[in-house]
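Asker: got a sequence here, can you build the structure:
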Amino acid sequence: MTYSDELIKMYGKFIVGLFHEGKNLAKMTIENTVHMEGFKNLDEAEQNK
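Answerer: Here you go, the predicted model:
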């Protein structure tokens, strides 16, 4: 009940758009996080656990 109906609809369209583009929001978020930590990619971050 925190978000407006309009915002929920916009987020839904965003997620559907990503799906149609073959993208995964969870993976994109993790990739962005490892880049911010200074790693080149997920593989490099995994190797440095």
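Asker: tell me which element residue 40 falls in.
Answerer: Using DSSP states H and E, residue 40 sits in no helix or strand.
Asker: so after the top helix by length along the chain, what's the next helix or strand?
Answerer: Longest helix of the chain, by residue count under DSSP state H: helix 5-20. Downstream of helix 5-20, the first helix or strand assigned by DSSP H and E is helix 25-36.
Asker: pull out the buried positions in that next one.
Answerer: By 16 or more other CB atoms under 10 Å, the buried positions in helix 25-36 come out as residue 34. Where you see a C-beta, it was placed from the backbone N, CA and C, and this is true even at glycine.
Asker: just the residues contacting the least confident helix or strand in the chain by mean pLDDT, thanks.
Answerer: Using mean pLDDT, DSSP states H and E, helix 42-47 stands out as the lowest-scoring helix or strand of the chain, at a mean of 92. With contact meaning CB atoms under 8 Å, 6 or more residues apart in numbering, helix 42-47 is reached by 30-31, 34, 37, 39.
Asker: distance from the longest helix of the chain to the middle of the chain?
Answerer: With CA atoms, centre = their mean, to the nearest Å as the basis, helix 5-20 stands 13 Å off its chain's centre.
Asker: then that helix to PDB, C-alphas only?
Answerer: Coordinates of each C-alpha in helix 5-20 appear next as PDB, following Å, rounded to 0.1, in the frame of the first residue of the first chain:
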ATOM      1  CA  ASP A   5      -1.300   1.900  -8.600                       C
ATOM      2  CA  GLU A   6       0.400   3.900 -11.400                       C
ATOM      3  CA  LEU A   7       3.900   3.200 -10.100                       C
ATOM      4  CA  ILE A   8       3.000  -0.500  -9.900                       C
ATOM      5  CA  LYS A   9       1.800  -0.500 -13.500                       C
ATOM      6  CA  MET A  10       4.900   1.300 -14.600                       C
ATOM      7  CA  TYR A  11       7.100  -1.300 -12.800                       C
ATOM      8  CA  GLY A  12       5.200  -4.100 -14.400                       C
ATOM      9  CA  LYS A  13       5.700  -2.700 -17.800                       C
ATOM     10  CA  PHE A  14       9.400  -2.300 -17.100                       C
ATOM     11  CA  ILE A  15       9.700  -5.900 -16.000                       C
ATOM     12  CA  VAL A  16       7.800  -7.200 -19.000                       C
ATOM     13  CA  GLY A  17      10.000  -5.100 -21.300                       C
ATOM     14  CA  LEU A  18      13.100  -6.600 -19.800                       C
ATOM     15  CA  PHE A  19      11.700 -10.000 -20.300                       C
ATOM     16  CA  HIS A  20      11.000  -9.400 -24.000                       C
END
